[in-house]
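**Student:** Mind folding the following:
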Amino acid sequence: MRFAEQWSWCTVNDIRDVTPTIREFRLRPDYGQVPPCPPGSHIGVAVLIDGQPARRSYSLVGNSDPGTYRIAVRLAPDSRGGSRGMWNLQPRARIEISTPASLIEIDWSRKNYCLIAGGIGITPITGIAAALHRRNVDLRLHYAVKSRGDAAFLDELSALLGDRLTVHAADRGERIDLDATLRALPDDAIAVMCGPMRMLEAARRAWNAAGRAPADLRYETFGSSGLMPTSEFRVRLKDSDTELVVSQTSSMLDALNGAGFEVMSDCQRGECGVCAVDVVAVDGEIDHRDVFFSDAQKQGNRKICPCVSRAIGVVTIDTLYRPEA
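**Tutor:** The predicted structure is shown next:
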C-alpha cells in the first residue's frame, strides 16, 4: 500500500480563524520536529463525531515552523461531521494524527506551473506554491472564492506571489474561465488544482478539450465534495438479505467494514481506486466523488469508490466478499 500510515499523538498548539468559516490548527507532535514531506501532503486526524471516533484527512498548509503541522478546516454543514468535530477542539487538546502522505508529484524539470484553488482547496496549494517559488519556477495561482473575505491565507499568498496571484471573487463577477486559462498555458505547463468536485470535473473537461496530456493535470481532492447533498442512503449486498444504512456522518466503506463485509482500501480519498466495488443496480442516483474514474466510467455506474462516493436512494453492490464456509 502507498499509505502505510503510522499514528501518533500530538497537542493542539494554537487555533485561529482565518476566515469566518475556516479555522487554522497548529498541531505539535510528541516526537518533536515534523519529518520532511512533499508539498501537497495530507495527514489523517482522529476526531469525535457525535461522540463516536472517526478519521478524517486534511491537507497540510505551507508552514515555516519545523515543530508543528498546520492544517485548516472549513466548517461545512453539509459534510459528514468531521469539520464540526475539529471545530469543537480547544487549545492543548490531545489528538492522534497519521504520518504525512501525498499523491501529488512535482516535476522539477518543468518550468511552468498553473495552480488553481477553489475555496478550502487552497490548503495544499499554499505549500506547493511556496516550494515552486523557492525553486524559481514560473507559476501563476488562480484562487476562486465566493468573496475576498472568504479567501484564506490571502495576505501571505499575496506577499509570496505578488501579481502572479489572481483572486476570482464570485460576488464581483470574477469567475475563473477554465477553458481560456488552460488554453493559454505554455505547451510544457503542468496544472495542479484542488477544489470542489464541480471545479475538478470542469477542469478535466477543459484540459482534455485543449488536447493536453492527461498526466499533466494533477489534483488534490477532499472527499466531502460532491454534486449532491450529503445525506443518508442505503446499500444492498448482492446475493444477500443484508441492507445497510449509510448515515450522513459515515462513509459507505465504513458501513461495509463495520458490518463485516471487508473491503480493501488505501488512500480513502477517492484517488487510488483500491476500494472500488461493482455496482449491480441503482434505485436513485450515485454521487461519484472520486477522481479515479473517468467521466464515461462514472456515467456507466458500473463501479463505485465507497470511501468517498455516496448516493441518493438505494445502491446494490457486489464487494466480491464471501464469508468462509
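**Student:** Please report the number of neighbouring residues for Glu105.
**Tutor:** 12 (other C-beta atoms under 10 Å). For glycine as for every other residue, the C-beta is placed from the backbone atoms N, C-alpha and C.
**Student:** no no, Ser147
**Tutor:** Residues lying near Ser147 (other C-beta under 10 Å) number 13.
**Student:** Kindly check the end-to-end length of stretch 32-42 for me.
**Tutor:** With C-alpha to C-alpha, to the nearest Å applied, stretch 32-42 spans 18 Å between its terminal residues.
**Student:** So Ala191 is in contact with Cys114, correct?
**Tutor:** Yes: counting by C-beta atoms under 8 Å, Ala191 touches Cys114, with 4.5 Å between them.
**Student:** what residues do these two have in common as contacts?
**Tutor:** Residues touching both Ala191 and Cys114 (C-beta atoms under 8 Å, 6 or more residues apart in numbering) are 182, 185.
**Student:** just for the stretch 151-300 of the chain, where's the confidence low?
**Tutor:** For the stretch 151-300 of the chain, the stretches with pLDDT under 70 are 222-225.
**Student:** ok, which stretches of it are helices?
**Tutor:** With DSSP state H, counting those that start in this stretch as the criterion, the stretch 151-300 of the chain has helices at 154-161, 178-183, 197-209, 252-258, 295-300.
**Student:** Give me the nearest residue to Thr123, chain neighbours excluded.
**Tutor:** Ranked by C-beta to C-beta, 6 or more residues apart in numbering and with sequence neighbours excluded, the top spatial neighbour of Thr123 is Ser59, at 4.1 Å.
**Student:** Could you report the neighbour count for the one you found?
**Tutor:** 27.
**Student:** Give me the pLDDT value at it.
**Tutor:** As predicted, Ser59 sits at a pLDDT of 93.
**Student:** Same check on the one 5 residues further on?
**Tutor:** Residue-level confidence at Ser64 comes out at 89, pLDDT.
**Student:** how's the protein carved up into domains?
**Tutor:** According to automatic domain parsing, the chain comprises the domains 7-98, 112-220, 233-318.
**Student:** Turn these into JSON lines, including distance to Leu227.
**Tutor:** Compiled in JSON lines, these are given as follows (distance: least, C-beta to C-beta, whole Å):
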{"stretch": "domain 7-98", "distance to Leu227": "12"}
{"stretch": "domain 112-220", "distance to Leu227": "6"}
{"stretch": "domain 233-318", "distance to Leu227": "6"}
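**Student:** Gly226: which of those domains is closest?
**Tutor:** domain 233-318 (4.5 Å; C-beta to C-beta).
**Student:** what's the offset of that closest one from the middle of its chain?
**Tutor:** 18 Å (C-alpha atoms, centre = their mean, to the nearest Å).
**Student:** Kindly report the same for stretch 83-91.
**Tutor:** That offset, for stretch 83-91, works out to 19 Å (C-alpha atoms, centre = their mean).
**Student:** Quick check: Glu96 is in a strand.
**Tutor:** Yes: Glu96 forms part of a strand when assessed by DSSP: H, G, I helix; E, B strand; the rest coil.
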